[in-house]
Structures are given as structure tokens and as C-alpha cells.
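>>> predicted model and sequence below, questions to follow.
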Amino acid sequence: MSVDLFSGAEEPEPEARAVVYSVSEVTRLVRGLIEKGLGTVWVEGEVSNLRKQPSGHQYFSVKDGGAQLSCVLFGRTFTKGSALADGMQVRLRGRMTVYEARGVYQLNVQQVEMAGAGALQAKFEALKRRLYAEGLFDEERKRALPRFPGRIAVVTSPSGAALRDMLQVFERRAPWLRVMISPVRVQGQGAAEEMIAAIEQLNRAEEWGLPEPEVIVLARGGGSIEDLWEFNSEALARAIAASAIPVVSGVGHEIDFTIADFAADVRAATPSVAAELVAPDSAAWQRRVRQFGEQLGRCMESKIGVMRGRLEYLGRAALFGEPQRRLREAVQSVDFAAEDLERSMRDALARGRRRVEELHAVIRRHRPDQVLELAGQRLAGVRHRLGMALQGRWREVAQGFQQGALRLDAAGRPHLEQARQRLGRVAEMLRLLAPQTVLERGFSISTLEDGTVVRSAGQLKDGTRLVTRLPDGSVSSVVESGKQDARPGKPGRAS
């Protein structure tokens, strides 16, 4: 007899023992019971914990208020409407089984259908009534679209057929139109937030360095109520209503209505219709312009015919001779006045030409290059005289040496050498102070048109013409300044 250490109960005799199963055997038995007892079933619930594998398999759970069921949708199972997302209400058809490796029962999904359309429609109607009561859909709030927009922004999926259809309409009706595309998701959780951000960014396009559009088109192709549900977002409706730029909603087909349609300034049945509403038909406008031109031409011809008849009638009238005589006299007076005016203009032009020549002569006399040339000539004369004097002094020194009358200083040098050194220093100072030497050091000399040297900023004002002397030539400039400031150190800007 043996004792169970956990319970203290006596162990039954070997012949009375129950059958012992392995874990795999028990799991396999449960699997058989479930597969035979339930087989293929339909299950409805909310998708949660969705995990998509690179192989194409999708693992998720469906739940309701009281329980949840593990599900697997294998990639080889190609069923319509199998694009799942968390929070989606679905109706699943599949076979109940047990995943033996983990010992959990699950549903191998074979078919997926969207469920809860009635509940979504009820939520749609409730939100529509509430926003309508707030006045969000009032026609007085909505704005008219520009008749000839130059730039349009399209908020849609870049890979959708709706965008291609709209671009074809734009190219056909208004090829000059500039289209800005704001790529967003238009289906699935988070798509409404992307569309809201796109509308807000387009309203602040200048802050992003982009041109501001004149119209925003919110577009998407058709689909089920679940596919279009992101366009029923209350936040999206309020963003459309708050937009400073008119918004056109082109979502779904003609029978599809969303909250965004009611909040938009203009609702279009389809994306293509939205493009036609926004883009003017250039061919139609060209036809209208041609019709107006032909109509205007006919009106002008009729009016000219009437006026020509009246003029011929007046020309044949007896009283018309007197006006003709007065007109001829007036024409003659105009001719005489024209001759006098021409003569006066020639005289004035001659006087102006003489004045210009006089001023030009004054400018030539005061040109900086001529002034520098005269200064250079004077400097050359001074140098020549200094050289002559120096030569004479050297001759005197030589004679003194010959006669023994030349005195020497304490170092034994003649006093004439000291004088020559002083003279050399003076000559070097004169060379350094010469105008051309100053210019060669990087300076310049600015003068007015009459040759006056500019010594102060107070001499300058807006429009003053300057001539600036440089080492290798001269340049002309005009003083320009936003505000006159003649204080020293703050001259106007020269250009």
C-alpha cells in the first residue's frame, strides 16, 4: 500500500487505476470533439490584436462584451473583404479547431463580411443631426468658388484612381491650372487625422514656403460605409468648416453621402465632378468669347452705320458750311501755334546746350585728374629746384674742401652731410604726402561735379553725383539714402 504525499489518500489497486493520457492525446481528443461537434460556424464580433505576418497570414481575435475568440486567416485564403483592421465589426465564417502546440481553440477563417452597417448608419444620422443643429451645415456660412482659379490643392490618396481621373479632367478643361497634391490615407484608422492635418497645412501654406491654393478638393472613390467612415469624423467636419480656403468634397459615388459632404462649401457627386466644378471649361469660355466678339462687332457696325448716316445728313445741311469755315480757321490757328511752339523749343534747346557746354568746361577745369596733374607738375618743379640747389651746395662743399675752409663736426663729417640728410627726409615726406602716393596706398579722393573736394558728409544729399579718383582711374556714383543724415560718420549710401 502506498500513500499520496499531496493528499494523503490511499493509492488504488493497479487493476482499479483510470486511463492516463498524455497532453498531446488529450489535446487531440478535444480537437476532435470541437471539430466534430461544431464544424463550420459563423461568428460575429469586433476585431482586436490584429497581427499581419510577411507570409500574408493574419492573426487576430474577435470579441464581444463577454468573451473573445482567437482567429487565423491564412494567406492562401483569398476572400473578398479580408482587409481587416482593429475595431472593425465583422462576421466570420470558418471551422473551429484546436491549435495543439498551445492548446487553445481557434477559428480558421474562410470568409469575412463586414457587419454593423446598421449601427454605423445610426451613428452617422445622430452626428448629422447634432452638427446641423449647431449650424455647421448652414448655407449662409458656405462660400462661392472662384470662377477662374489659378491654383488648386487636392487632398487624396496618391495611388487612388480618383486622383488620376481628376488630373485628366484638369488637363482637358484647364491645362494652365496648377495642382498641388497633398497625399493622405483616405481609409482606415487615422486617415481622418491625416486629412485634418493636410487641410490645416494648406491654410498655412505660406509658412511652409508654398503658394496658397485658392480651392481645396477633398476626394476619394466609392466604397462601403465602412470604407468611407473616416469622412464621417466630427473633427474632420469642423476642420473643413474652419478652413479659410473654400473646400469641395468629392467623396464616393452619387448615392454616397458623408458628414464631410455637408460641411464642405460645395458637394460633388464624384471626384471627377468635383474637378469639373473647380476647373473652368476653357473650350466653352473660348466659344463664349467668340460669340461676344461677333455680337460686339455686329453692334459696332450697326452703330457706325447710323452715325455715318447722321453725319452725311448734317454734311448736306445748309448750316454746315459755317462750322466748316470755323473749323478751317481753328486748324490754321493750331498750325501757327505749332510753329511758335517748335521755334520756342528750338531756342530753349539751344540755350540748354550752351549751358551744358559751359558746365562741361567748368567740370573739365576741376577734374581731379587735371588737378593731380597740375600738383604733380608743381611737385616736379620743386624737386628740380631742390636738385639745382643741392648741386650748387655740393659745388660749394667741393670748393671748401679744395680751399680747406670746410668745417667738420665732432665726428669728422662735414656739416653739409647733415643738411643733405635733412633735405632727403623732407623730400621723402613730400613724396609720401603727394596725392598720387596717397591714392596708391588704398585711399581715394571724391569730388562733386564742379570739382569741389568732398570733406564732410554734410556736403552730400540724395541724388548728388560724385567723381571718385583711384590710383588707376576714376568712377562716377550717385548718393542714395533712405533718410538724410549729415552727421559725420553717417553718410548716405552711394551706388
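That came through fine.

>>> please enumerate the strands of the stretch 201-350 of the chain.
215-220, 247-251, 266-268 (DSSP state E, counting those that start in this stretch).

>>> residues contacting the residue nearest the centre of the chain?
With distances taken as C-alpha atoms, centre = their mean, the chain has Leu210 as the residue nearest its mean C-alpha position (2.2 Å). Going by C-beta atoms under 8 Å, 6 or more residues apart in numbering, Leu210 touches Met180. Every C-beta, even on glycine, is put in place using the N, C-alpha and C of the backbone.

>>> again, but for Arg147
Taking C-beta under 8 Å, 6+ apart, we find Arg147 in contact with Pro280.

>>> look up how far Gly87 lies from it.
43 Å (C-beta to C-beta, to the nearest Å).

>>> mind checking what secondary structure Val41 has?
Recorded secondary structure, Val41: strand (DSSP: H, G, I helix; E, B strand; the rest coil).

>>> for the nearest residue to it once chain neighbours are set aside, which residues count as its bridge partners?
Distance criterion C-beta to C-beta, 6 or more residues apart in numbering; nearest residue to Val41, sequence neighbours excluded, is Met96 at 5.9 Å. Legend: beta-bridge partners of Met96 under DSSP bridges are Leu107.

>>> quick one: Met96 and Val109 touch, right?
No. Assessed by C-beta atoms under 8 Å, Met96 is found out of contact with Val109, at 10.9 Å.

>>> so between the two, which is more surrounded?
Using other C-beta atoms under 10 Å as the criterion, Met96 and Val109 rank with Val109 on top: 23 against 18.

>>> quick check: next helix or strand after the helix or strand where the more buried one lies?
Using DSSP states H and E, Val109 sits within strand 104-114. Sequence-wise, the next helix or strand downstream of strand 104-114 (DSSP H and E) is helix 117-134.

>>> which helices and strands sit right next to whichever helix or strand comes after that next one?
Towards the C-terminus, the helix or strand next in line after helix 117-134, according to DSSP H and E, is strand 151-156. Applying 3 or more C-beta pairs under 8 Å, 6 or more residues apart in numbering; DSSP states H and E, one finds that strand 151-156 makes contact with helix 161-173, strand 178-183, helix 191-203, strand 215-220.

>>> possible to save those as a markdown table with mean pLDDT, mean neighbour count and distance to Val20?
Conversion of these to a markdown table gives the following (pLDDT from 0 to 100; neighbours: other C-beta atoms under 10 Å; distance: least, C-beta to C-beta, whole Å):
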| stretch | mean pLDDT | mean neighbour count | distance to Val20 |
| --- | --- | --- | --- |
| helix 161-173 | 88 | 17 | 64 |
| strand 178-183 | 90 | 17 | 64 |
| helix 191-203 | 92 | 19 | 56 |
| strand 215-220 | 92 | 27 | 62 |
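
>>> low pLDDT regions in the stretch 251-400 of the chain?
Scanning the stretch 251-400 of the chain for pLDDT under 70 picks out 282-285, 315, 317-324, 364-368, 370, 397-398, 400.

>>> please redo it, this time with the cut-off set to 50
Counting by pLDDT under 50, the stretch 251-400 of the chain contains no low-confidence residues.

>>> show me where it has helices.
259-263, 271-278, 282-316, 321-365, 368-403 (DSSP state H, counting those that start in this stretch).

>>> got the domain ranges for this protein?
Under automatic domain parsing, the residue ranges defining each domain of the chain are 15-115, 142-280, 284-316, 444-495.

>>> out of those, indicate the one that is most buried.
For the domains of the chain, the largest average neighbour count (mean count of other C-beta atoms under 10 Å) is found in domain 142-280, namely a mean of 19.

>>> for it, how far is the first residue from the last?
Across its full length, domain 142-280 reaches 20 Å between end residues, using C-alpha to C-alpha, to the nearest Å.

>>> what does stretch 108-122 give?
Using C-alpha to C-alpha, one end of stretch 108-122 lies 32 Å from the other.

>>> and that stretch, what's its mean pLDDT?
Confidence over stretch 108-122, taken as the mean pLDDT, stands at 74.

>>> on that earlier part again, for the strands of the stretch 201-350 of the chain, which one sits closest to Glu440?
With C-beta to C-beta, the closest approach to Glu440 among these belongs to strand 215-220: 66.8 Å.

>>> for Val62, helix, strand, or coil?
strand.

>>> give me the nearest residue to it, chain neighbours excluded.
Closest residue to Val62 apart from its sequence neighbours, by C-beta to C-beta, 6+ apart: Gly45 at 3.4 Å.

>>> quick revisit: and the helices and strands packed on strand 151-156 as a markdown table, adding distance to His384?
Converted to a markdown table, the helices and strands packed on strand 151-156 look like this (distance: least, C-beta to C-beta, whole Å):
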| stretch | distance to His384 |
| --- | --- |
| helix 161-173 | 87 |
| strand 178-183 | 78 |
| helix 191-203 | 82 |
| strand 215-220 | 87 |
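
>>> sorry, back to before: and the pLDDT at the residue nearest to Val41?
We have a pLDDT of 91 for Met96.

>>> possible to save the helices of the stretch 251-400 of the chain as CSV with distance to Ser24?
Putting these into CSV (distance: least, C-beta to C-beta, whole Å) gives the following:
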stretch, distance to Ser24
helix 259-263, 55
helix 271-278, 57
helix 282-316, 76
helix 321-365, 116
helix 368-403, 112
